[in-house]
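[1] here is my input; please provide its structure:
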Amino acid sequence: MDRESFFKGQLESVQKALTKQEVPLKPKHARRLILGTHHEKSCSIFWNNVARIQLEKNPVLTWKFCHLLHKLIRDGHKSVPSESHRHMRRITMLGDFWKHLQTSGYGAGNEQYCKMLCERLEFHRKYPHIPGNLVVAEKVLRSIQNDLDGTFEASIDMLDQMESLLLLQRKVFDSLEMLSWSSLVPQGQTLLAPLILARKDKCILQVIMDTSKLYDLLVKLVFHLHSVCPPDALAGHRDRFQVIFRQTKTFYEEASKLQYFKYLVSVPTLPAVAPNFLQASDLECYQAPQAREIGSDSDDGRSVSGDGALLDLDDTVNTRTQLQQLQHSPASLPDQRDEQITSLSRQLEDEKFAKERLIAEARSRIEQYENRLVQMQNEIDHVRREADDNRDEADRVKAALSTRDLTQSEQADARIIEAEGRRKASEDKFVKLKTVYEKFRAEHLAALQKLGDLQRRMEGVDKDRMDREEESRGIHRRLEEAERQRSEYMEKLGASAAGEDELRSQLARADAAADEMRRELESVRLLVAKGAEERREAKNATLAMIERAGEELLNASSVQYPTHLAIAGVTWAQEVMGQESSSGSPKKESLHPTSALSSSIPLSGHALSVVVVACAAAAYTASIQHYDEVNEECKCLLVRAKEVIEKGEEGRFPSLQRLHDLMIALPVHSDVDKASELS
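    Below you'll find the model as predicted:
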């Protein structure tokens, strides 16, 4: 074969293979192109011929191109992957061109096929010692395993390749399912609607071959990694492999149900469960999936007859008999006889090929059945071990449940006894609180009565004092008038001696009146001194109450007091002080607008001393968290009240509004409040 005819034949094969007709890619054209790469030890002629074809014209052209390139990578010369890597940009642009096609099932398929081919070319560039058909010799596999980092990275790249192939398969099946085509429809294999199954099955055939080889390599590499690396470092490998195993198993099961695959490839089967990489013994019983192409199609591309059935092998005998008869017949028509002999010889070869295909298929089925038998036996052993493990686990769970029930029963009894003890303690506590409350209430009423009497007495004393002061001022005025008259009389006496006797008598009367006034003034001074003494005693008594309240404030945490009663006490103290301030005591601008003022020091001091102790006890009872703030406010109130009393600034007692706000902010559902609500 000269060079020119070879180039011409290669160009003709490319043009006949890449057509717009929706028919399967004829194997004879693909075989001629594959042989051309081996003849030239290069695929440059193929790429030069492809450059003359505008693949963007029709999605069927792109799909056939991807299928043809896939076959060249698998079966072509070993230089095909490396030389095709230089055309990755062209393949990528081709996938991007068709990814937006939504009117047929070719858009997503072409995009994923181009992406898968680019990843495949990159994989072979990175691992040039792995051939395109992924059949790795033991020597090459050992060289990969000797490099731990290389093995780790190669396993990740193979996982990526498996995911890319399975994604392509999924997109093809989805498009076929969307268009509702069946492999048993004869038109679906030849000329009818787009996305004919036979055409895409050719792609799936390549995917089955590739995934079976990659799966086998991946299992061996991951088992080797587990033998030299800790299991935790390979958790990601195991998780990804589990997902890929399930997808591959589903893919093989779906493919085995398609009638058309039975005449093209022996679909491998995977075990029910994935290999356990944590157990090195699983590698010994591991069976590599065997996917073999049963045979190539005839030159006219018909591996299946029009009605979907295989050719009848009985015709082989009839054809051979007819051929013998023609050979012994007279040579009257030599040309016609030669043509018949040639035709019958071709038919005989086709029938021999069909017979060999059936024999190969039968052998493949026998091997599959044997492998399946071994897998089923392994699955039975695995299920038996799982049943024994489940039985042991059930016994253990039963024992644990019985122990837990006994423990829970004992704990429930203990909780009941503890709850009964708490209930009794709460009742006793409530009775004590009720008794203390009644006692405090009685003392409070008695103190209020005493304060009322003291207030009335103080009001009487203040009234007498004011009367005495008014009377004293009158006496002073009369005394001053008498002095003035005496001076006038003395002046008159000096001016006139005649009226001396009269003046003497008037002076004597004036002296007598002055003595009377002095006696009355002395009496008023005594009354004022007595009132001042009584006020001093009231002031000292109030200071003593405040000092006692400060001492009781230190022990407020040992007394329990209801919050609502403490708030009521603050309100009462504010009302008392408010009534006192409204009676006429002056207000200073520095006081709070709502502060209650009182001119009666004992009443205000008593109210303040009772309220601060009650509030501190209630705050500690309700919430220890709020106790410090309330206790500090109570101390500040006592200190300021003491300063007011010592300075004698009546009506300037501190405001209780902030204390009232703090008491309102206390939690309302304390134990004391609950006991008070129950009462």
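[2] what number of residues lie near Arg518?
    For Arg518, the neighbour count with other Cβ atoms under 10 Å is 12. Yep, even glycine has a C-beta here, placed from its N, CA and C like the rest.
[3] ditto for Lys126
    11.
[4] tell me the contacts of it?
    Neighbouring residues of Lys126 by Cβ atoms under 8 Å, 6 or more residues apart in numbering: Asp157.
[5] then Arg120?
    Contacts of Arg120 (Cβ under 8 Å, 6+ apart): 70, 73, 81, 161, 164.
[6] other SSEs contacting the host helix or strand of Glu253?
    Here Glu253, judged by DSSP states H and E, is contained in helix 235-256. Applying 3 or more Cβ pairs under 8 Å, 6 or more residues apart in numbering; DSSP states H and E, we find helix 235-256 packed against helix 148-179, helix 197-228.
[7] mind doing that once more with 6 Å?
    The helices and strands touching helix 235-256, judged by 3 or more Cβ pairs under 6 Å, 6 or more residues apart in numbering; DSSP states H and E, are helix 148-179.
[8] got the angle for the helix it packs on vs helix 235-256?
    40 degrees (axes from the mean of the first three to the mean of the last three Cα atoms, to 10 degrees).
[9] average pLDDT across helix 148-179?
    The pLDDT scores in helix 148-179 average 85.
[10] what packs against that helix?
    helix 106-126, helix 138-146, helix 197-228, helix 235-256.
[11] next, the buried residues of it.
    Neighbour-count burial for helix 148-179 flags 151-152, 154-155, 157-159, 161-166, 168-169, 171-173, 175-176 (criterion: 16 or more other Cβ atoms under 10 Å).
[12] same question, stretch 617-626
    Buried residues in stretch 617-626 (16+ other Cβ under 10 Å): 617-622, 626.
[13] ditto for stretch 225-241
    Neighbour-count burial for stretch 225-241, with 16+ other Cβ under 10 Å as criterion, is recorded at 225-226, 234, 237-238, 240-241.
[14] can you check stretch 520-529 too?
    In stretch 520-529, counting by 16+ other Cβ under 10 Å, buried: 520-521, 524, 527.
[15] same check on stretch 437-451?
    For stretch 437-451, by 16+ other Cβ under 10 Å, it's 437, 448, 451.
[16] let me see the contact set for the last one.
    Leu451 makes contact with 603, 606 under the criterion Cβ atoms under 6 Å, 6 or more residues apart in numbering.
[17] could I get the buried residues of stretch 225-241 as TSV with distance to Ile380 and pLDDT?
    TSV is the format used below for those (distance: Cβ to Cβ, whole Å; pLDDT from 0 to 100):
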residue	distance to Ile380	pLDDT
Leu225	29	90
His226	25	89
Leu234	29	89
His237	28	89
Arg238	25	90
Arg240	29	92
Phe241	24	91
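[18] and the two most separated of those residues?
    For the buried residues of stretch 225-241, the farthest-apart pair by Cβ to Cβ is His226 and Arg240; their separation is 14.2 Å.
[19] picking up where we left off before, can you tell me which of the buried residues of stretch 437-451 is closest to Ala17?
    Nearest member of the buried residues of stretch 437-451 to Ala17, counting by Cβ to Cβ, is Tyr437, at 104.8 Å.
[20] so which strand or helix has the closest one?
    helix 334-495.
[21] the next helix or strand after that helix versus helix 334-495: what angle between them?
    In the C-terminal direction, the helix or strand that comes right after helix 334-495 (DSSP H and E) is helix 500-554. In terms of direction (the same axes, to 10 degrees), helix 500-554 departs from helix 334-495 by 160 degrees.
[22] buried residues in the helix or strand just after helix 500-554, which are they?
    Helices and strands here follow DSSP H and E; after helix 500-554, the next one along the chain is helix 563-582. Neighbour-count burial for helix 563-582 flags 563, 565-567, 569-570, 573-574, 576-577, 580-581 (criterion: 16+ other Cβ under 10 Å).
[23] other SSEs contacting the following helix or strand past helix 563-582?
    The element immediately downstream of helix 563-582 (helix or strand, assigned by DSSP H and E) is helix 601-622. The contact analysis (3+ Cβ pairs under 6 Å, 6+ apart) places helix 601-622 against helix 334-495, helix 500-554, helix 563-582, helix 624-647.
[24] circling back to that earlier point, make CSV from the buried residues of stretch 225-241 and add distance to His476 to it.
    Below are those laid out as CSV (distance: Cβ to Cβ, whole Å):
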residue, distance to His476
Leu225, 119
His226, 119
Leu234, 114
His237, 115
Arg238, 114
Arg240, 114
Phe241, 118
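[25] what is the nearest of the residues you listed to Arg415?
    Nearest to Arg415 among those, with distances taken as Cβ to Cβ, is Arg238, at 45.6 Å.
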